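Asker: Structure for this input, please:
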Amino acid sequence: WRTGQKLQEKLTKEDKEQRKLKFKLDLQERTTEAKIAEKTAALVEEVYFAQRERDEAIMSRLQLAIEERDEAIARAKHVEMSLKALENINPEENDMTLQELLNRINNADTGIAIQKNGAIIVDRIYKTKECKKRITAEEMSAVIEERDAALSQAKLLSMQQARETAVQQYKKLEEEIQTLRIYYSLHKSLSQEENLKDQFNHTLSTYEEALKNRESIVSITQQQNEELATQLQQALTERANMELQLQHATEASKVASEKVQKLERLVDVLRKKVGAGTMRTVI
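Answerer: Next comes the predicted model:
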């Protein structure tokens, strides 16, 4: 009976060990899943920062090019409009220069002539200022329009480039995530069924180039899973042996009990015989 109790206690202990092993396997699986999720988040963050830096660099280059272009256009238009303004300050008196008007004032004999030529000079100066203001306003308006158009075009180009880059990065990220999913699926199959080990290794070698940065994780996880699986198999084998020993002990106990019963019956018979002999002797 004590042997059977010890075997039962040992079986209970082994059952607890098996549950611990299964818990370790589940924990290892969850740890691997967490590592994959962490790697995916890191990839997303890396793509986001790279995209933002690239967009900032593109916008800086475009802004610098637009500013240089605006300055060159402004200088060219300013020179062109200034030349035209000097040529057409007063079309009605284009044949009379400012120096000639001054000479006419110096040679004038009457105050009316001086006043008339002075009025012409004042009018010339006023028209020159107005012409310059108009030229400046038109020039600024044209420059602003060209600048706005260039900014709109640059913004559109930047948005198109950003969209194309984002699409490419998204596709790359999807491929990376799909690879991680395949890797995790194979890893999960390995931890659940040991007989899929060869198939997992063959498939894993196909993705070896894309998953170089994960070789250490795969190697450590696979080794731990193999060790845990081996320990579990040993525990199962030992439990089966203990169950067999328990069965043998139970059978032996049963046989011993039967022998005891036979001996007890034999003792009863002998007692009866001894009692009968004594009675005959007394008589």
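
Asker: Isn't L236 up against Q18?
Answerer: Yes. The pair formed by L236 and Q18 meets the contact definition of CB atoms under 8 Å, at 7.3 Å. (C-beta placed from N, C-alpha, C; glycine too.)

Asker: Overlap of the contact sets of those two?
Answerer: Common neighbours of L236 and Q18, counting by CB atoms under 8 Å, 6 or more residues apart in numbering, are absent.

Asker: Relative to K127, how far out is R134?
Answerer: Counting by CB to CB, to the nearest Å, the gap from R134 to K127 is 10 Å.

Asker: Compare those two (neighbour count), which wins?
Answerer: For R134 versus K127, neighbours defined as other CB atoms under 10 Å are more numerous around K127 (15 against 12).

Asker: And the pLDDT for that one?
Answerer: pLDDT, K127: 78.

Asker: ok, now the one 3 residues further on?
Answerer: At E130, the pLDDT value in this model is 81.

Asker: Who are the packing partners of whichever strand or helix holds it?
Answerer: Using DSSP states H and E, E130 falls within helix 111-192. Where contact means 3 or more CB pairs under 8 Å, 6 or more residues apart in numbering; DSSP states H and E, helix 111-192 is packed against helix 2-87, helix 98-107, helix 197-206, helix 215-282.

Asker: Worst mean pLDDT among the ones you listed?
Answerer: Minimum mean pLDDT among these: helix 197-206, a mean of 54.

Asker: For V47, give its distance to Q169.
Answerer: Taking CB to CB, one finds V47 at 5 Å from Q169.

Asker: Then L246?
Answerer: 63 Å.

Asker: for Q161, same thing?
Answerer: For Q161 relative to Q169 (CB to CB), the value is 12 Å.

Asker: try Q245
Answerer: For Q245 relative to Q169 (CB to CB), the value is 63 Å.

Asker: and what of A137?
Answerer: 46 Å.

Asker: The two: who's more crowded?
Answerer: Set A137 next to Q169 and count neighbours by other CB under 10 Å: Q169 wins out with 18 against 10.

Asker: residues in contact with the more buried one?
Answerer: 47, 50-51.

Asker: Show the buried residues in those residues.
Answerer: Using 16 or more other CB atoms under 10 Å as the burial test, those include V47 as buried.

Asker: May I see the contacts of Q169 arranged in TSV, with distance to L151 as well?
Answerer: Output for the contacts of Q169, formatted as TSV (distance: CB to CB, whole Å):
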residue	distance to L151
V47	28
A50	25
Q51	22
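
Asker: Out of the contacts of Q169, which comes closest to R265?
Answerer: V47 (88.7 Å; CB to CB).
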